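Peer 1: build me a model:
(2 chains, ligands or ions: 2)
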Amino acid sequence: MASILSLRDVEKSFGAVTVADQLSYDVAAGEALGVVGPNGAGKTSMFNLITGTLKPDSGDIAFEGRMITSTSAAARCRAGIARSFQIPQPFGGMSVFENLLVAATQGAREPARRANALCLDVLEQTGLMAKANALAGSLTLLERKRLELARALCAKPRLLLLDEIAGGLTQHECEALVGTITDIRSTGVSIVWIEHVVHALLAVVDRLIVLDFGRKIADGDPHDTMASREVQEVYIGIEADA
Amino acid sequence: MSAADNHIVARASPASRIAAFIGVLLLIGLIAAPWWAGRADMRLISEICLYVALASLWNLLAGYAGLVSVGQQAFVGLGGYFLFAATIFFGVPPLAAIPLAAAAGAALAVPIAVLIFRLRGAYFAIGTWVVAEVFRLVFAQVSALGGGSGTSLPAGIVKGIAASRSLREAYTYWMALGLAVLVVAMVYMLLRSRRGLALTAIRDNELAATSLGIDIWRTKFFVYVISAALTASVGALIFLQKLRISPDAAFSVNDWTAFVIFIVVIGGIGTIEGPIIGTIIFFLLRETLADLGTTYLLVLGFVAIAVMLRAPKGLWGYVKDKTGVELFALTRRVVPKR
Ligand SMILES: Nc1ncnc2c1ncn2[C@@H]1O[C@H](COP(=O)(O)OP(=O)(O)O)[C@@H](O)[C@H]1O
Ligand SMILES: [Mg+2]
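Peer 2: Residues are numbered from 1 along each chain as shown, chains lettered A, B, ... in the order given. Ligands and ions are numbered 1, 2, ... in the order given. A predicted model of the protein is given here:
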């Protein structure tokens, strides 16, 4: 299968802190890749590098076979990459619906009518319809996280990057979220999902990579990877939090 | 049935419909002013209109694009000098020079933007002010336009607007009213458009905006050039009414930026209503405190501080937060179909 995303020897450090160390991997078109690793491992930074809000010190990133290493963040979104932010970044003075509309009109570049329809459908799909007219700034943390997912979907990505969206959910909400992401997958969208809530992650992804100090220390079948020795060593305690 | 089939997206509200109706009545009354108002009243209304335009443009820059300029007097003065140069040296009819001043403002704004957009925050503000000072110094060197002491518009050109003084005053009055309406309408249409949505997104969160496909530099550049162009038009009209220009008057940071910032801050930054309400308050204060001399400036300062402490989003921001009322329909509301 052709790869939709490809990282080659990506390096990035902030002074003494290395957040990407010889990082290389591919995501196949239609694949769902899970990412785990301790806090500070460089998972969010990896998303910043892929979306272009952070520039690598060296190495290359390709999307759908085209080099995007020096493409602007805005252009990468318009090309088909969208993300959710671990720390939600709503447009606080706009309504929830308008937050989605930004993604639909600017990221997906949908004409007005189709943008409205897309946003209404995503509001329903993500359970935010009741909050459509609420100011995004007035939402609770959990609602803001849901808004992150909804807004990213409205950009109509072919590659969706999700950064810790399952934390703090009840069992029931978590199952609903897994259902939503499975549905998104079934439409052909490739997914990279960073998640501490491992059981939710394992319910969706085909493959798992493990990051530690910016290095990829494991890559493969999700269950085998979680069970491997090196993962157990760095990973102890995290499953317990979740 | 999908969600899109049983919901509609509405923009107008009862408040916005009433406001539009009253606005149209008010506009008709103002257009007819030459038949009912005295000369002094018309001068005052003109001035109010020009300040509504300046304040709305500064609000677009600072309140939406986050471009806190303290150098918009560069474009007011440029417009004024353009009017004098175009009419005196090239025989351009004065009323035609006003739209042409917009083209001049835009042409100069392009290289200035490329230069000062490299600066951030306070440095950007200082950069805009330095540019305006450079303009002032340059125009003080142009001896054909009176150098540092300035010049008057020759009587022949003034007569060229219209033969009688009352007709002339009516023309410039209508121009001022027309410019205010044009600017507010432009800001409104821009903010309602797709580009306006991008601009509002940038105002709220630049990181999210850029990650959702918005080209921040280009959006801000567009706003800067548009504001500069219309500010130059307003400047041309200001000095057509004054009939006299000098570098100090044309590039006055007090008259064209400090008062404008006062107006926007007390009225409510980042709203269309704010600059209009702020202008009315500013002129009410000015007209009632005119006899106090410089004490008047002190009072303005106290009012500004009081508003910033009690209502940091300005008077309209306060009303909007309390009531959710919107006179210009911008917000989109999702309403279930019945
Ligand atoms: N912009 C930045 N400047 C300096 N240090 C940063 C920056 N962004 C992240 N870091 C540091 O890089 C490390 C990795 O952070 P992050 O990518 O957020 O990790 P994770 O998402 O895996 O928890 C942390 O030590 C963090 O403090
Ligand atoms: Mg993180």
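
Peer 1: all contacts plus neighbour counts: C-alpha atoms, from now on.
Peer 2: Fine.

Peer 1: up against chain A, what does chain B have?
Peer 2: Within chain B, the residues that sit near chain A (C-alpha under 8 Å from any C-alpha of the partner chain) are B:2-4, B:7, B:9, B:194, B:197-198, B:201, B:204-205, B:207-208, B:210-215, B:331-334.

Peer 1: from these, which ones fall inside strands?
Peer 2: B:7, B:9, B:333-334 (DSSP state E).

Peer 1: sorry, back to before: any of the residues of chain B next to chain A buried? List them.
Peer 2: In the residues of chain B next to chain A, burial by neighbour count holds for B:3-4, B:7, B:9, B:194, B:197-198, B:201, B:204, B:207-208, B:210-215, B:331-334, counting by 16 or more other C-alpha atoms under 10 Å in any protein chain shown.

Peer 1: ok, whichever residue of chain B sits closest to ligand 1 - contacts?
Peer 2: Distances between chain B and ligand 1 by C-alpha to the nearest ligand atom are smallest at B:Leu207, namely 12.4 Å. Counting by C-alpha atoms under 8 Å, 6 or more residues apart in numbering or on different chains, B:Leu207 makes contact with A:53, A:89.

Peer 1: let's see 6 Å
Peer 2: The contact partners of B:Leu207, taken as C-alpha atoms under 6 Å, 6 or more residues apart in numbering or on different chains, number zero.

Peer 1: over to B:Ile266?
Peer 2: Residues near B:Ile266 by C-alpha under 6 Å, 6+ apart: B:278, B:314-315.

Peer 1: rerun that using 10 Å as the cut-off
Peer 2: Each residue near B:Ile266 by C-alpha atoms under 10 Å, 6 or more residues apart in numbering or on different chains is listed here: B:274-275, B:277-279, B:281-282, B:303-308, B:311-317.

Peer 1: can I have the buried ones of the residues you listed as a ChimeraX selection?
Peer 2: Only the buried members of the contacts of B:Ile266 enter the following ChimeraX selection, criterion being 16+ other C-alpha under 10 Å:
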select /B:274,275,277,278,279,282,303,304,305,307,308,311,312,313,314,315,316,317
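
Peer 1: excluding chain neighbours, give the residue nearest to the residue in the stretch 151-300 of chain B that chain A sits nearest to in space.
Peer 2: Closest residue of the stretch 151-300 of chain B to chain A, C-alpha to the nearest C-alpha: B:Gly213 (3.7 Å). Leaving aside its sequence neighbours, B:Gly213 sits nearest to A:Ala74 (C-alpha to C-alpha, 6 or more residues apart in numbering or on different chains; 3.7 Å).

Peer 1: helices and strands around the helix or strand harbouring that neighbour, which ones?
Peer 2: Taking DSSP states H and E as the criterion, A:Ala74 maps to helix A:73-79. Helices and strands touching helix A:73-79, as assessed by 3 or more C-alpha pairs under 10 Å, 6 or more residues apart in numbering or on different chains; DSSP states H and E, comprise helix A:43-51, strand A:81-83, helix B:206-211.

Peer 1: return the most buried member of the ones you listed.
Peer 2: strand A:81-83 (a mean of 30; mean count of other C-alpha atoms under 10 Å in any protein chain shown).

Peer 1: that one near chain B anywhere?
Peer 2: Yes - Strand A:81-83 is in contact with chain B by C-alpha under 10 Å from any C-alpha of the partner chain, via A:81-83.
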